[in-house]
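Chemist: How does the following fold in three dimensions:
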Amino acid sequence: MILEVATLNIRADGRKAFEAGFPAAARILSSAEGYNFASVAGSVDSENRYVLLGKLADEGEPHSGLSNVAAGSGMAEVTPSLGFRLPPAVEH
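Modeler: Just a heads-up that it's a prediction; the model follows:
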């Protein structure tokens, strides 16, 4: 099993847009090879920060999965509506 954690920093005016647009992004992320689940939670310390936790099977290329899917496969159309202040920081 591979756990993928992404810190999502959203523009100050982008919270509603992020929450409205994330279901479309989640559909794209769920197409990742070895995808088991992904969940997103808002920070209690910073109202414009979210954490994405993804669980992937331990198969395929190292560090393949959600971050690779996010780099392509339709995310380019969805990403502007999510209101990112910075690109997501992803760790495995």
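Chemist: From now on I want contacts and neighbour counts done on CA atoms only, so please keep to that.
Modeler: OK.
Chemist: List the strands paired with the strand or helix carrying Ala6, with their directions.
Modeler: Using DSSP states H and E, Ala6 sits within strand 2-9. Its sheet considered, strand 2-9 pairs with strand 49-56 (antiparallel), strand 89-91 (antiparallel) by DSSP bridges.
Chemist: Show me the shaky parts of the chain.
Modeler: 59-81, 83-87 (pLDDT under 70).
Chemist: Let me see the ranges of the helices in it.
Modeler: Along the chain, counting by DSSP state H, helices occupy 15-29, 66-70, 75-82.
Chemist: since we're on the closest residue to Pro88 other than its chain neighbours, how many residues are nearby?
Modeler: Counting by C-alpha to C-alpha, 6 or more residues apart in numbering, Pro88 lies nearest to Leu8, which is 5.0 Å off, once chain neighbours are set aside. By other C-alpha atoms under 10 Å, 25 other residues sit near Leu8.
Chemist: isn't Leu8 right next to Leu52, touching?
Modeler: Yes. Between Leu8 and Leu52 there is a contact at 7.3 Å, judged by C-alpha atoms under 8 Å.
Chemist: how far away is the residue nearest to Tyr50 when sequence neighbours are not counted from Asp13?
Modeler: Here the nearest residue to Tyr50 in space, its sequence neighbours aside, is Gly42; by C-alpha to C-alpha, 6+ apart that works out to 4.3 Å. Computed as C-alpha to C-alpha, to the nearest Å, the Gly42 to Asp13 distance reads 15 Å.
Chemist: and these two? which has more neighbours close in?
Modeler: Using other C-alpha under 10 Å, the more surrounded residue of Gly42 and Asp13 is Gly42, with 15 against 11.
Chemist: From what I see, that one and Glu19 are in contact.
Modeler: No. Using C-alpha under 8 Å, Gly42 makes no contact with Glu19, being 9.8 Å away.
Chemist: sorry, back to before: what is the orientation angle of the strand holding Ala6 with helix 15-29?
Modeler: For strand 2-9 against helix 15-29, the angle by axes from the mean of the first three to the mean of the last three C-alpha atoms, to 10 degrees is 160 degrees.
Chemist: Quick one: neighbours of Arg27, just the number.
Modeler: Counted with other C-alpha under 10 Å, Arg27 comes out at 10.
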